[in-house]
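Q: Here is a sequence with its predicted model. Questions after.
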There are 2 protein chains.
Amino acid sequence: MQQRSEETRSKIMESAIRLFSARGYNKASVDEICAEAGISKGAFYHHFKSKQALFLALLDGWLKTIDDAIEASKDKPIPETFKQMTQAFPYLFESAGENLPIFLEFWLQASRDEKVWQASIAPYRRYHKQFSDLIRQGVEEGSFVEVNPELTARMIISTAMGLLLQSLLDPKGAKWEKVARESTSMLVDGLLRK
Amino acid sequence: MQQRSEETRSKIMESAIRLFSARGYNKASVDEICAEAGISKGAFYHHFKSKQALFLALLDGWLKTIDDAIEASKDKPIPETFKQMTQAFPYLFESAGENLPIFLEFWLQASRDEKVWQASIAPYRRYHKQFSDLIRQGVEEGSFVEVNPELTARMIISTAMGLLLQSLLDPKGAKWEKVARESTSMLVDGLLRK
(Lines give C-alpha, C1' and ligand atoms only; values in the text may rest on other atoms or scores of the structure.)
Protein backbone atom coordinates (compact mmCIF):
# COMPACT_ATOMS: atom_id res chain seq x y z
CA MET A 1 0.00 0.00 0.00
CA GLN A 2 2.77 2.37 0.96
CA GLN A 3 4.32 2.01 -2.48
CA ARG A 4 1.03 2.50 -4.27
CA SER A 5 0.33 5.60 -2.20
CA GLU A 6 3.67 7.09 -3.18
CA GLU A 7 3.02 6.30 -6.81
CA THR A 8 -0.29 8.17 -6.61
CA ARG A 9 1.41 11.14 -5.00
CA SER A 10 4.05 11.23 -7.77
CA LYS A 11 1.35 10.93 -10.42
CA ILE A 12 -0.52 13.91 -8.95
CA MET A 13 2.64 16.00 -8.81
CA GLU A 14 3.65 15.17 -12.39
CA SER A 15 0.17 15.96 -13.69
CA ALA A 16 0.13 19.23 -11.75
CA ILE A 17 3.49 20.33 -13.21
CA ARG A 18 2.17 19.64 -16.72
CA LEU A 19 -1.11 21.50 -16.14
CA PHE A 20 0.38 24.47 -14.23
CA SER A 21 3.01 24.82 -16.97
CA ALA A 22 0.49 24.68 -19.79
CA ARG A 23 -2.50 26.55 -18.33
CA GLY A 24 -1.23 28.37 -15.29
CA TYR A 25 -1.78 27.85 -11.58
CA ASN A 26 -5.03 29.81 -11.39
CA LYS A 27 -6.70 28.16 -14.38
CA ALA A 28 -5.72 24.56 -13.64
CA SER A 29 -8.36 23.13 -11.26
CA VAL A 30 -8.12 20.21 -8.85
CA ASP A 31 -10.70 18.41 -11.06
CA GLU A 32 -8.45 18.73 -14.07
CA ILE A 33 -5.41 17.56 -12.13
CA CYS A 34 -7.35 14.48 -10.99
CA ALA A 35 -8.49 13.76 -14.56
CA GLU A 36 -4.96 14.16 -15.90
CA ALA A 37 -3.56 11.88 -13.18
CA GLY A 38 -6.42 9.39 -13.55
CA ILE A 39 -7.29 9.43 -9.84
CA SER A 40 -10.31 10.29 -7.70
CA LYS A 41 -10.80 13.54 -5.84
CA GLY A 42 -10.72 11.56 -2.60
CA ALA A 43 -7.25 10.31 -3.45
CA PHE A 44 -6.15 13.86 -4.24
CA TYR A 45 -7.27 15.23 -0.87
CA HIS A 46 -5.74 12.27 0.90
CA HIS A 47 -2.35 13.53 -0.33
CA PHE A 48 -2.82 17.31 -0.47
CA LYS A 49 -5.18 19.42 1.52
CA SER A 50 -5.47 22.01 -1.26
CA LYS A 51 -4.15 23.12 -4.65
CA GLN A 52 -1.90 25.54 -2.79
CA ALA A 53 -0.48 22.72 -0.65
CA LEU A 54 0.31 20.78 -3.84
CA PHE A 55 1.95 23.85 -5.35
CA LEU A 56 4.09 24.30 -2.24
CA ALA A 57 5.10 20.63 -2.39
CA LEU A 58 6.29 21.15 -5.99
CA LEU A 59 8.28 24.19 -4.91
CA ASP A 60 9.82 22.22 -2.02
CA GLY A 61 10.78 19.43 -4.39
CA TRP A 62 12.62 21.84 -6.63
CA LEU A 63 14.40 23.52 -3.75
CA LYS A 64 15.43 20.14 -2.39
CA THR A 65 17.35 19.39 -5.60
CA ILE A 66 19.43 22.51 -5.00
CA ASP A 67 19.85 21.84 -1.27
CA ASP A 68 21.02 18.29 -1.99
CA ALA A 69 23.62 19.58 -4.45
CA ILE A 70 24.87 22.05 -1.84
CA GLU A 71 24.90 19.42 0.90
CA ALA A 72 26.82 16.94 -1.31
CA SER A 73 29.59 19.45 -1.91
CA LYS A 74 30.23 20.34 1.74
CA ASP A 75 33.66 19.92 3.34
CA LYS A 76 35.43 20.02 -0.01
CA PRO A 77 37.95 22.69 -1.00
CA ILE A 78 36.14 25.99 -1.60
CA PRO A 79 36.63 26.21 -5.39
CA GLU A 80 35.34 22.61 -5.62
CA THR A 81 32.27 23.39 -3.48
CA PHE A 82 31.62 26.46 -5.56
CA LYS A 83 31.84 24.51 -8.82
CA GLN A 84 29.44 21.86 -7.58
CA MET A 85 26.97 24.44 -6.31
CA THR A 86 26.93 26.25 -9.62
CA GLN A 87 26.75 23.03 -11.63
CA ALA A 88 23.39 22.17 -10.14
CA PHE A 89 22.14 24.93 -12.40
CA PRO A 90 22.70 23.62 -15.96
CA TYR A 91 21.27 20.33 -14.67
CA LEU A 92 17.98 22.13 -14.09
CA PHE A 93 17.63 22.73 -17.82
CA GLU A 94 18.21 19.09 -18.66
CA SER A 95 15.79 17.76 -16.07
CA ALA A 96 12.97 20.31 -16.27
CA GLY A 97 12.70 20.38 -20.06
CA GLU A 98 9.33 21.55 -21.31
CA ASN A 99 8.00 21.89 -17.79
CA LEU A 100 10.18 24.94 -17.19
CA PRO A 101 7.20 27.37 -17.31
CA ILE A 102 6.35 26.14 -13.82
CA PHE A 103 9.06 28.55 -12.62
CA LEU A 104 7.15 31.52 -13.98
CA GLU A 105 4.20 30.27 -11.95
CA PHE A 106 6.31 29.98 -8.80
CA TRP A 107 7.51 33.54 -9.26
CA LEU A 108 4.13 34.97 -10.11
CA GLN A 109 2.36 33.24 -7.23
CA ALA A 110 5.14 34.36 -4.88
CA SER A 111 4.30 37.95 -5.79
CA ARG A 112 0.59 37.37 -5.02
CA ASP A 113 0.36 34.77 -2.26
CA GLU A 114 1.91 35.30 1.17
CA LYS A 115 2.45 31.59 1.88
CA VAL A 116 4.11 30.91 -1.46
CA TRP A 117 6.17 34.04 -0.95
CA GLN A 118 7.42 32.83 2.43
CA ALA A 119 8.24 29.41 1.01
CA SER A 120 10.06 30.72 -2.04
CA ILE A 121 11.83 33.83 -0.78
CA ALA A 122 13.42 32.40 2.34
CA PRO A 123 15.48 29.95 0.21
CA TYR A 124 16.67 32.71 -2.17
CA ARG A 125 17.88 34.71 0.80
CA ARG A 126 19.59 31.58 2.14
CA TYR A 127 21.30 30.88 -1.20
CA HIS A 128 22.50 34.44 -1.33
CA LYS A 129 24.00 34.08 2.13
CA GLN A 130 25.58 30.70 1.30
CA PHE A 131 27.16 32.02 -1.90
CA SER A 132 28.33 35.19 -0.15
CA ASP A 133 29.94 33.21 2.69
CA LEU A 134 31.62 30.82 0.30
CA ILE A 135 33.00 33.59 -1.89
CA ARG A 136 34.19 35.50 1.18
CA GLN A 137 36.07 32.41 2.41
CA GLY A 138 37.54 31.84 -1.05
CA VAL A 139 38.76 35.43 -1.20
CA GLU A 140 40.21 35.20 2.33
CA GLU A 141 42.09 31.97 1.71
CA GLY A 142 43.35 33.39 -1.60
CA SER A 143 41.83 30.89 -4.00
CA PHE A 144 39.43 33.51 -5.43
CA VAL A 145 40.28 36.93 -6.84
CA GLU A 146 39.35 40.02 -4.78
CA VAL A 147 35.66 40.67 -5.32
CA ASN A 148 32.76 42.02 -3.28
CA PRO A 149 31.24 38.73 -1.99
CA GLU A 150 27.71 40.09 -1.46
CA LEU A 151 27.51 41.66 -4.89
CA THR A 152 29.13 38.71 -6.66
CA ALA A 153 26.70 36.30 -5.01
CA ARG A 154 23.81 38.51 -6.08
CA MET A 155 25.06 38.55 -9.66
CA ILE A 156 25.44 34.77 -9.73
CA ILE A 157 21.85 34.30 -8.59
CA SER A 158 20.70 36.99 -11.02
CA THR A 159 22.45 35.32 -13.93
CA ALA A 160 20.83 32.01 -13.05
CA MET A 161 17.34 33.49 -12.69
CA GLY A 162 17.75 35.64 -15.80
CA LEU A 163 18.87 32.69 -17.92
CA LEU A 164 15.97 30.63 -16.65
CA LEU A 165 13.59 33.45 -17.47
CA GLN A 166 14.99 33.97 -20.97
CA SER A 167 14.82 30.25 -21.69
CA LEU A 168 11.16 30.25 -20.63
CA LEU A 169 10.30 33.18 -22.82
CA ASP A 170 12.31 32.18 -25.84
CA PRO A 171 12.93 28.42 -25.75
CA LYS A 172 14.26 28.41 -29.31
CA GLY A 173 16.32 31.61 -28.97
CA ALA A 174 19.47 29.77 -27.89
CA LYS A 175 20.75 26.39 -26.77
CA TRP A 176 19.94 27.20 -23.16
CA GLU A 177 21.49 24.19 -21.53
CA LYS A 178 24.76 24.96 -23.34
CA VAL A 179 24.52 28.67 -22.45
CA ALA A 180 23.92 27.69 -18.80
CA ARG A 181 26.96 25.42 -18.80
CA GLU A 182 29.21 27.99 -20.45
CA SER A 183 28.01 30.84 -18.20
CA THR A 184 28.72 28.72 -15.15
CA SER A 185 32.26 28.00 -16.37
CA MET A 186 32.80 31.67 -17.15
CA LEU A 187 31.72 32.67 -13.62
CA VAL A 188 33.91 30.03 -11.98
CA ASP A 189 36.91 30.90 -14.18
CA GLY A 190 36.43 34.59 -13.48
CA LEU A 191 36.57 33.96 -9.73
CA LEU A 192 39.46 31.51 -9.58
CA ARG A 193 42.86 33.06 -9.02
CA LYS A 194 45.05 32.11 -11.99
CA MET B 1 -8.70 68.76 -27.68
CA GLN B 2 -5.50 67.06 -28.78
CA GLN B 3 -3.94 67.79 -25.39
CA ARG B 4 -6.94 66.57 -23.46
CA SER B 5 -6.99 63.38 -25.53
CA GLU B 6 -3.35 62.72 -24.70
CA GLU B 7 -4.02 63.35 -21.02
CA THR B 8 -6.81 60.76 -21.11
CA ARG B 9 -4.53 58.27 -22.82
CA SER B 10 -1.83 58.79 -20.16
CA LYS B 11 -4.39 58.46 -17.39
CA ILE B 12 -5.60 55.13 -18.80
CA MET B 13 -2.05 53.85 -19.09
CA GLU B 14 -1.09 54.88 -15.55
CA SER B 15 -4.23 53.30 -14.10
CA ALA B 16 -3.59 50.12 -16.07
CA ILE B 17 -0.01 49.84 -14.76
CA ARG B 18 -1.30 50.20 -11.19
CA LEU B 19 -4.06 47.62 -11.65
CA PHE B 20 -2.02 45.10 -13.63
CA SER B 21 0.73 45.36 -11.02
CA ALA B 22 -1.63 44.92 -8.08
CA ARG B 23 -4.17 42.41 -9.44
CA GLY B 24 -2.62 40.91 -12.55
CA TYR B 25 -3.44 41.30 -16.22
CA ASN B 26 -6.15 38.63 -16.29
CA LYS B 27 -8.04 39.84 -13.23
CA ALA B 28 -7.95 43.56 -13.97
CA SER B 29 -10.93 44.33 -16.23
CA VAL B 30 -11.50 47.22 -18.63
CA ASP B 31 -14.33 48.37 -16.30
CA GLU B 32 -11.93 48.60 -13.38
CA ILE B 33 -9.34 50.45 -15.43
CA CYS B 34 -12.01 52.98 -16.47
CA ALA B 35 -13.13 53.43 -12.85
CA GLU B 36 -9.53 53.86 -11.66
CA ALA B 37 -8.83 56.39 -14.42
CA GLY B 38 -12.18 58.15 -13.91
CA ILE B 39 -13.17 57.89 -17.58
CA SER B 40 -16.00 56.35 -19.60
CA LYS B 41 -15.78 53.07 -21.46
CA GLY B 42 -16.34 54.99 -24.69
CA ALA B 43 -13.21 57.04 -23.97
CA PHE B 44 -11.28 53.86 -23.27
CA TYR B 45 -12.20 52.26 -26.58
CA HIS B 46 -11.49 55.49 -28.41
CA HIS B 47 -7.84 55.06 -27.34
CA PHE B 48 -7.40 51.27 -27.21
CA LYS B 49 -9.29 48.65 -29.14
CA SER B 50 -8.83 46.08 -26.34
CA LYS B 51 -7.16 45.33 -23.02
CA GLN B 52 -4.50 43.50 -24.98
CA ALA B 53 -3.85 46.56 -27.17
CA LEU B 54 -3.40 48.64 -24.00
CA PHE B 55 -1.03 46.05 -22.58
CA LEU B 56 1.02 46.09 -25.79
CA ALA B 57 1.15 49.90 -25.65
CA LEU B 58 2.60 49.68 -22.12
CA LEU B 59 5.17 47.18 -23.29
CA ASP B 60 6.10 49.44 -26.23
CA GLY B 61 6.48 52.39 -23.89
CA TRP B 62 8.93 50.50 -21.73
CA LEU B 63 10.93 49.24 -24.72
CA LYS B 64 11.08 52.76 -26.12
CA THR B 65 12.92 53.96 -22.99
CA ILE B 66 15.63 51.40 -23.68
CA ASP B 67 15.73 52.11 -27.43
CA ASP B 68 16.08 55.84 -26.75
CA ALA B 69 19.01 55.20 -24.40
CA ILE B 70 20.69 53.07 -27.06
CA GLU B 71 19.99 55.61 -29.80
CA ALA B 72 21.39 58.48 -27.68
CA SER B 73 24.69 56.67 -27.20
CA LYS B 74 25.38 55.93 -30.88
CA ASP B 75 28.55 57.12 -32.63
CA LYS B 76 30.43 57.47 -29.36
CA PRO B 77 33.54 55.44 -28.47
CA ILE B 78 32.58 51.82 -27.80
CA PRO B 79 33.25 51.75 -24.03
CA GLU B 80 31.18 54.95 -23.74
CA THR B 81 28.28 53.47 -25.75
CA PHE B 82 28.46 50.35 -23.64
CA LYS B 83 28.35 52.31 -20.39
CA GLN B 84 25.33 54.32 -21.52
CA MET B 85 23.49 51.24 -22.70
CA THR B 86 24.01 49.48 -19.39
CA GLN B 87 23.16 52.58 -17.37
CA ALA B 88 19.62 52.62 -18.71
CA PHE B 89 19.15 49.67 -16.41
CA PRO B 90 19.52 51.10 -12.87
CA TYR B 91 17.33 53.96 -14.11
CA LEU B 92 14.53 51.45 -14.56
CA PHE B 93 14.48 50.80 -10.81
CA GLU B 94 14.24 54.49 -9.99
CA SER B 95 11.47 55.19 -12.48
CA ALA B 96 9.33 52.07 -12.17
CA GLY B 97 9.26 51.98 -8.37
CA GLU B 98 6.33 50.06 -6.95
CA ASN B 99 4.94 49.40 -10.41
CA LEU B 100 7.73 46.94 -11.11
CA PRO B 101 5.39 43.88 -10.88
CA ILE B 102 4.13 44.86 -14.33
CA PHE B 103 7.27 43.14 -15.66
CA LEU B 104 6.18 39.82 -14.24
CA GLU B 105 2.92 40.34 -16.12
CA PHE B 106 4.77 41.10 -19.36
CA TRP B 107 6.78 37.92 -18.98
CA LEU B 108 3.86 35.75 -17.99
CA GLN B 109 1.62 37.01 -20.79
CA ALA B 110 4.49 36.56 -23.25
CA SER B 111 4.56 32.88 -22.35
CA ARG B 112 0.79 32.56 -22.95
CA ASP B 113 -0.16 35.03 -25.69
CA GLU B 114 1.32 34.86 -29.18
CA LYS B 115 0.94 38.60 -29.88
CA VAL B 116 2.55 39.66 -26.61
CA TRP B 117 5.26 37.10 -27.22
CA GLN B 118 6.04 38.55 -30.66
CA ALA B 119 6.12 42.06 -29.25
CA SER B 120 8.31 41.23 -26.28
CA ILE B 121 10.70 38.58 -27.61
CA ALA B 122 11.79 40.31 -30.80
CA PRO B 123 13.32 43.20 -28.75
CA TYR B 124 15.21 40.81 -26.43
CA ARG B 125 16.74 39.13 -29.45
CA ARG B 126 17.62 42.56 -30.86
CA TYR B 127 19.25 43.65 -27.58
CA HIS B 128 21.25 40.47 -27.52
CA LYS B 129 22.48 41.14 -31.04
CA GLN B 130 23.27 44.81 -30.25
CA PHE B 131 25.26 43.90 -27.13
CA SER B 132 27.06 41.07 -28.94
CA ASP B 133 28.05 43.35 -31.84
CA LEU B 134 29.22 46.08 -29.51
CA ILE B 135 31.30 43.72 -27.39
CA ARG B 136 32.78 42.12 -30.51
CA GLN B 137 33.83 45.55 -31.80
CA GLY B 138 35.27 46.46 -28.40
CA VAL B 139 37.30 43.25 -28.32
CA GLU B 140 38.50 43.79 -31.90
CA GLU B 141 39.62 47.38 -31.33
CA GLY B 142 41.31 46.31 -28.09
CA SER B 143 39.32 48.41 -25.63
CA PHE B 144 37.66 45.30 -24.11
CA VAL B 145 39.36 42.18 -22.76
CA GLU B 146 39.08 38.96 -24.79
CA VAL B 147 35.66 37.46 -24.10
CA ASN B 148 33.07 35.47 -26.03
CA PRO B 149 30.77 38.31 -27.24
CA GLU B 150 27.63 36.18 -27.63
CA LEU B 151 27.95 34.61 -24.20
CA THR B 152 28.91 37.86 -22.47
CA ALA B 153 25.92 39.64 -24.02
CA ARG B 154 23.68 36.82 -22.84
CA MET B 155 25.04 37.11 -19.31
CA ILE B 156 24.54 40.87 -19.23
CA ILE B 157 20.89 40.48 -20.23
CA SER B 158 20.50 37.61 -17.76
CA THR B 159 21.92 39.65 -14.92
CA ALA B 160 19.54 42.50 -15.71
CA MET B 161 16.48 40.24 -15.94
CA GLY B 162 17.50 38.27 -12.86
CA LEU B 163 17.98 41.41 -10.79
CA LEU B 164 14.64 42.74 -11.92
CA LEU B 165 13.01 39.44 -11.01
CA GLN B 166 14.64 39.29 -7.57
CA SER B 167 13.63 42.87 -6.83
CA LEU B 168 10.04 42.01 -7.74
CA LEU B 169 9.96 38.97 -5.52
CA ASP B 170 11.81 40.43 -2.59
CA PRO B 171 11.55 44.23 -2.69
CA LYS B 172 12.99 44.55 0.82
CA GLY B 173 15.71 41.92 0.37
CA ALA B 174 18.30 44.44 -0.83
CA LYS B 175 18.70 48.01 -1.99
CA TRP B 176 17.97 47.02 -5.56
CA GLU B 177 18.70 50.29 -7.24
CA LYS B 178 22.14 50.32 -5.58
CA VAL B 179 22.74 46.64 -6.47
CA ALA B 180 21.78 47.43 -10.08
CA ARG B 181 24.19 50.36 -10.20
CA GLU B 182 27.06 48.37 -8.65
CA SER B 183 26.46 45.32 -10.85
CA THR B 184 26.53 47.53 -13.92
CA SER B 185 29.86 49.05 -12.85
CA MET B 186 31.27 45.60 -12.10
CA LEU B 187 30.32 44.37 -15.59
CA VAL B 188 31.75 47.44 -17.30
CA ASP B 189 34.96 47.30 -15.23
CA GLY B 190 35.31 43.60 -15.95
CA LEU B 191 35.15 44.22 -19.69
CA LEU B 192 37.39 47.29 -19.96
CA ARG B 193 41.03 46.56 -20.68
CA LYS B 194 43.07 48.07 -17.85
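A: Yep, it's here. Please read all numbers here as calculations on a predicted model, not as lab measurements. Numbers count the residues shown, from 1 in each chain, chains lettered A, B, ... in the order given.

Q: ok, and the closest non-adjacent residue to A:V30?
A: A:K51 (5.5 Å; Cβ to Cβ, 6 or more residues apart in numbering or on different chains). For glycine as for every other residue, the C-beta is placed from the backbone atoms N, C-alpha and C.

Q: what residues are up against that neighbour?
A: A:K51 makes contact with A:25, A:28-30, A:33, according to Cβ atoms under 8 Å, 6 or more residues apart in numbering or on different chains.

Q: Only the buried subset of those residues, as a ChimeraX command please.
A: Here is the ChimeraX command that picks out the buried ones among these, judged by 16 or more other Cβ atoms under 10 Å in any protein chain shown:
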select /A:25,28,30,33
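
Q: Which of the contacts of A:K51 sits closest to chain B?
A: A:Y25 (10.4 Å; Cβ to the nearest Cβ).

Q: Specify the local secondary structure of that closest one.
A: Taking DSSP: H, G, I helix; E, B strand; the rest coil as the rule, one finds A:Y25 in the coil state.

Q: what helix or strand is the closest residue to A:I102 other than its chain neighbours on?
A: Take A:I102 and drop its neighbours on the chain: the residue closest to it by Cβ to Cβ, 6+ apart is A:S21, 4.9 Å away. Counting by DSSP states H and E, the secondary-structure element that holds A:S21 is helix A:2-23.

Q: Now do that helix: distance to the chain's middle.
A: Distance of helix A:2-23 from the chain centroid (Cα atoms, centre = their mean, to the nearest Å) equals 18 Å.

Q: cool, and stretch A:177-185?
A: 16 Å.

Q: Give the buried residues for it.
A: A:179-184.

Q: check whether it contacts chain B.
A: Yes. Applying Cβ under 8 Å from any Cβ of the partner chain, one finds stretch A:177-185 touching chain B at A:179, A:182-183.

Q: Restricted to helices, list those.
A: Under the assignment DSSP state H, the residues of stretch A:177-185 next to chain B contribute A:179, A:182-183 to helices.

Q: So which of these is the closest to A:Q137?
A: Using Cβ to Cβ, A:S183 is the member of these that sits closest to A:Q137, with 22.6 Å.

Q: So what's the gap between stretch A:176-188 and the chain middle?
A: Taking Cα atoms, centre = their mean, one finds stretch A:176-188 lying 16 Å from the centre of the chain it belongs to.

Q: Please apply the same query to stretch A:81-98.
A: With Cα atoms, centre = their mean, you get 9 Å for stretch A:81-98.

Q: Does chain B have contacts with whichever strand or helix holds A:F93?
A: Of the helices and strands defined by DSSP H and E, A:F93 is found in helix A:78-96. No. Counting by Cβ under 8 Å from any Cβ, chain B has no neighbours in helix A:78-96; the shortest distance is 11.4 Å.

Q: centre of the chain versus that helix, how much separation?
A: For helix A:78-96, the distance to the chain centre is 11 Å (Cα atoms, centre = their mean).

Q: Now do it against helix A:2-23, angle only.
A: 80 degrees (axes from the mean of the first three to the mean of the last three Cα atoms, to 10 degrees).

Q: Tell me how chain A divides into domains.
A: Listed domain ranges for chain A are A:1-48, A:52-191 (source: automatic domain parsing).

Q: Tell me which of these sits most buried.
A: domain A:52-191 (a mean of 18; mean count of other Cβ atoms under 10 Å in any protein chain shown).

Q: Compute the first-to-last residue distance for that domain.
A: 40 Å (Cα to Cα, to the nearest Å).

Q: I'd like the distance between the residue sitting nearest the centre point of chain A and chain B.
A: Chain A has A:W62 as the residue nearest its centroid, 4.8 Å off, counting by Cα atoms, centre = their mean. Here the criterion is Cβ to the nearest Cβ, to the nearest Å. By it, A:W62 lies 15 Å from chain B.
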